[in-house]
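Q: sharing a model that was predicted from the sequence below.
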2 protein chains.
Amino acid sequence: MSVNVTATFEETETSHVGNLGKGLPDEAWADFLQVIASRPKRATERKQDRSKRTEQQILNAALRVFARDGISRARIADIAAEAGISTSTLYEYYKSKEDLAYDVPMSHLAAFFEEYRQAVADKSGARERLLLYLSMSADYAREHAEWARLLYLEIWPSVFVNDTDLRHSIDDFSRVLVHLVNQGIAEGIWPKRNPYQTAAILVGGLNQVIITWLLYRTPRNLTKAGSEIVERILRMMEAETTE
Amino acid sequence: MSVNVTATFEETETSHVGNLGKGLPDEAWADFLQVIASRPKRATERKQDRSKRTEQQILNAALRVFARDGISRARIADIAAEAGISTSTLYEYYKSKEDLAYDVPMSHLAAFFEEYRQAVADKSGARERLLLYLSMSADYAREHAEWARLLYLEIWPSVFVNDTDLRHSIDDFSRVLVHLVNQGIAEGIWPKRNPYQTAAILVGGLNQVIITWLLYRTPRNLTKAGSEIVERILRMMEAETTE
DNA sequence: ATTAAAAATCGACGTTTCATCGGATTTTTG
DNA sequence: CAAAAATCCGATGAAACGTCGATTTTTAAT
């Protein structure tokens, strides 16, 4: 996840940056996460139970095959076979291979946001929330390596994901981050600097580690390496002076 | 460019970290850059002048079409037509679409390394060299946006570039960076910390900005934004204490 | 329980694109 | 200038994508 830290993101945030510790902003924060966690839902709902099962089988099969062969080398016929259906049935569910590829990561993304929403419920400080957020995202990548490989190495950077529901969810990842950076500035624990730039350093550094791990399984312990790099950057930030 | 900061890279470097200011390491540095800048050369050299022209036309056409349509949507027939040759002629030069896609960025990559090699010739400090390196890479992406789009958003993250000449060159980008970080540590201007982690923060943050620019043309001035984020990270590093 | 409509499935088939091959054409060599 | 080498291309094969109409299964009303 996590690109375009510098772009978009207006309305949602500027509103409650600055008024801290009033109790109200935290409601907005909770709502914010709620919206994000429930956004990734497919437009077309299937009517029959059999269909829901089939859809799930397709998604599982697609994840396996895409992660193994890469999107462009993967064959629709293979995915259909793996899902135990015919090729033409698959096309009842997804109008093209690209469509399917972009839909596969969505459910996991929603699951990650939901996990975070629950884990962060009893944390209040920006530092704690942000550290948890980035640590969890590294850990989630480790636990769901096939998914992470598909998202980070194939889909995330693709220009063609623009104008897609998926792009919205990926952007959400950055929105949360910038929100937390702004919260920390408001709390006075971080210097008042360009929050997009700050977010870029955090997410860029972490993603670099995650991508390296996906490609080479180095460093061995992704969870530890992820936490370490984020903590180092946070300490660096806290030593910075306001410009 | 610039992935896997954490991986590979052994023999070349460890040798002359520590013995600084002896004059000799700088020879090694120059050789290092020399090798890197001349590495990206095609194995099969064309004999006739006509062929060399055709090859160049194919590469130009491929860059345009790949950048416009993306690798997977691009059609070989379109590239051939754009290059003014027949489809089958194109296959005389490249055995597959993938092959072509991976070869396109190589010449530019070599050109970047060569530009840097010349520009850095009269710089001696690690800080100056590193700042120049990363600033130039942001600037090169801005100047060659089609190429950058292809490399950063389609090829660089691809798992399937592994075991390719291209991957070697991409790794070279990181090697140079880690080398400079180690040089700075040896000079005593940066604290003695995990150089791979340091490099990951630098390249991760910068790439984040470059990728955002490629996707959204935000921030407007990539050159400025690139220098700023690198300078900020360097200042942060210089304020760090040795662990 | 029956049955008609809706939803889901599948095999057969058309289309597109990648890639190959043998021979024609151009360039180089002696 | 002729033979050899390099280059080019039209025709064709192969593979994967995607569509359509007929068939089966499920749902829901009587």
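A: Thanks, I have the structure now. Values in this document were obtained by computation on a predicted structure and should not be read as measured data.
Q: any low-confidence regions in chain A?
A: The model of chain A has pLDDT under 70 over residues A:1-24, A:42-43, A:243.
Q: by proximity to DNA strand C, which residue of it wins?
A: Per CB to the nearest atom of the strand, A:S88 is where chain A lies closest to DNA strand C, at 2.6 Å. Heads up, the C-betas are built off the backbone N, CA and C, glycines and all.
Q: after the helix or strand hosting that residue, which helix or strand is next?
A: According to DSSP states H and E, A:S88 maps onto helix A:87-93. Following helix A:87-93 in sequence order, the next helix or strand is helix A:97-119 (DSSP H and E).
Q: so which other helices or strands are in contact with the next helix or strand after that following helix?
A: Next along the chain after helix A:97-119, taking DSSP H and E as the criterion, comes helix A:126-143. Judged by 3 or more CB pairs under 8 Å, 6 or more residues apart in numbering or on different chains; DSSP states H and E, the packing partners of helix A:126-143 are helix A:97-119, helix A:145-150, helix A:165-187, helix A:195-216, helix A:222-239.
Q: go again using 7 Å as the cut-off
A: Under the contact definition 3 or more CB pairs under 7 Å, 6 or more residues apart in numbering or on different chains; DSSP states H and E, helix A:126-143 sits against helix A:97-119, helix A:165-187, helix A:195-216, helix A:222-239.
Q: quick check: A:E55 touching A:Y93?
A: Yes - using CB atoms under 7 Å, A:E55 makes contact with A:Y93 at a distance of 5.9 Å.
Q: show me the contact partners of the helix or strand hosting A:A80.
A: Using DSSP H and E, A:A80 falls within helix A:76-83. Under the criterion CB atoms under 7 Å, 6 or more residues apart in numbering or on different chains, residues A:57-58, A:61-62, A:64-65, A:86-87, A:89-90, A:97 lie in contact with helix A:76-83.
Q: can you point out the buried residues in it?
A: A:76, A:78-80, A:83 (16 or more other CB atoms under 10 Å in any protein chain shown).
Q: dump these to TSV, plus distance to DNA strand C.
A: Below are those laid out as TSV (distance: CB to the nearest atom of the strand, whole Å):
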residue	distance to DNA strand C
A:I76	11
A:D78	15
A:I79	12
A:A80	8
A:A83	9
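Q: secondary structure class for A:A61?
A: helix (DSSP: H, G, I helix; E, B strand; the rest coil).
Q: returning to that earlier point: DNA strand D next: which of the buried residues of helix A:76-83 are close?
A: A:I76 (CB under 7 Å from any atom of the strand).
Q: with the buried residues of helix A:76-83 in mind, which one is nearest to DNA strand D?
A: A:I76 (3.5 Å).
Q: from chain B, how far out is the closest one?
A: Distance of A:I76 to chain B, given as CB to the nearest CB, to the nearest Å: 13 Å.
Q: likewise A:W190?
A: 12 Å.
Q: tell me the SS of that residue?
A: Secondary structure, three-state DSSP: A:W190 is coil.
Q: equivalent analysis for the one 3 residues further on, please.
A: The three-state label for A:R193, taken from three-state DSSP, comes out as coil.
Q: measure it to B:M236 for me?
A: Distance of A:R193 to B:M236, given as CB to CB, to the nearest Å: 11 Å.
Q: ok, A:Q208 next?
A: Taken as CB to CB, the span from A:Q208 to B:M236 is 16 Å.
Q: between these two, who's got more neighbours?
A: Neighbours were counted for A:Q208 and for B:M236 using other CB atoms under 10 Å in any protein chain shown; A:Q208 has more, 29 against 18.
Q: is it correct that the more buried one is in contact with B:V203?
A: Yes - A:Q208 is within contact range of B:V203, at 6.2 Å (criterion: CB under 7 Å).
Q: neighbours of A:L132, how many?
A: A:L132: 17 neighbours (other CB under 10 Å).
Q: buried sites along stretch A:234-243?
A: Judged by neighbour count using 16+ other CB under 10 Å, the buried positions of stretch A:234-243 are A:234, A:236-237.
Q: which among the contacts of helix A:76-83 count as buried?
A: A:57-58, A:61-62, A:64-65, A:90, A:97.
Q: from the residues you listed, which single one is nearest chain B?
A: Nearest to chain B among the buried ones among the contacts of helix A:76-83 is A:K97, at 9.1 Å by CB to the nearest CB.
Q: and the closest one, how close does it get to DNA strand D?
A: Counting by CB to the nearest atom of the strand, to the nearest Å, the gap from A:K97 to DNA strand D is 4 Å.
Q: equivalent analysis for A:I210, please.
A: With CB to the nearest atom of the strand as the criterion, A:I210 and DNA strand D are 28 Å apart.
Q: likewise for A:T54?
A: From A:T54 across to DNA strand D, the span is 11 Å (CB to the nearest atom of the strand).
Q: with A:W190 instead?
A: 47 Å.
Q: wouldn't that residue be in contact with A:L180 here?
A: No - using CB under 7 Å, A:W190 makes no contact with A:L180, being 10.0 Å away.
Q: of those two, who's got more company?
A: Set side by side, A:W190 and A:L180 show more neighbours around A:L180, with 26 against 23, by other CB under 10 Å.
Q: which non-adjacent residue is nearest A:G125?
A: Counting by CB to CB, 6 or more residues apart in numbering or on different chains, A:E187 is the residue found nearest to A:G125 once chain neighbours are left out, at 7.0 Å.
Q: just checking, that neighbour touches A:A126?
A: Yes - the criterion here is CB under 7 Å, and A:E187 meets it with A:A126 at 5.5 Å.
Q: more neighbours, those two?
A: A:A126 (21 against 14).
Q: that one: what's it in contact with?
A: A:180, A:183-184, A:187, A:189 are the contacts of A:A126 under CB under 7 Å, 6+ apart.
Q: which residue sits closest to A:R235 in space, ignoring its chain neighbours?
A: B:E240 (7.8 Å).
Q: up against DNA strand C, what does chain A have?
A: Counting by CB under 7 Å from any atom of the strand, chain A sits next to DNA strand C at A:46-48, A:50-51, A:54, A:85-89, A:92-93.
Q: which of those are buried? Put it as a PyMOL command.
A: In PyMOL, this line selects whichever of those come out buried by 16+ other CB under 10 Å:
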select buried, chain A and resi 54+85+93
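Q: and the buried residues of helix A:76-83, which is closest to B:D163?
A: Of all the buried residues of helix A:76-83, B:D163 sits closest to A:D78, with 22.6 Å by CB to CB.
Q: I'd like the residues of chain A next to DNA strand C as TSV, with distance to A:R149 appended.
A: Converted to TSV, these look like this (distance: CB to CB, whole Å):
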residue	distance to A:R149
A:R46	27
A:K47	33
A:Q48	32
A:R50	30
A:S51	28
A:T54	25
A:I85	24
A:S86	28
A:T87	25
A:S88	29
A:T89	27
A:E92	27
A:Y93	23
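Q: run the chain-centre distance for stretch A:103-110.
A: 9 Å (CA atoms, centre = their mean, to the nearest Å).
Q: any residue of it up close to chain B?
A: No - judged by CB under 7 Å from any CB of the partner chain, stretch A:103-110 stays clear of chain B, getting no closer than 14.3 Å.
Q: up against chain B, what does chain A have?
A: A:3-7, A:70, A:72, A:149, A:152-153, A:157-160, A:197, A:200-201, A:203-205, A:207-209, A:211-212, A:215-216, A:218-219, A:229, A:232-233, A:236, A:239-240.
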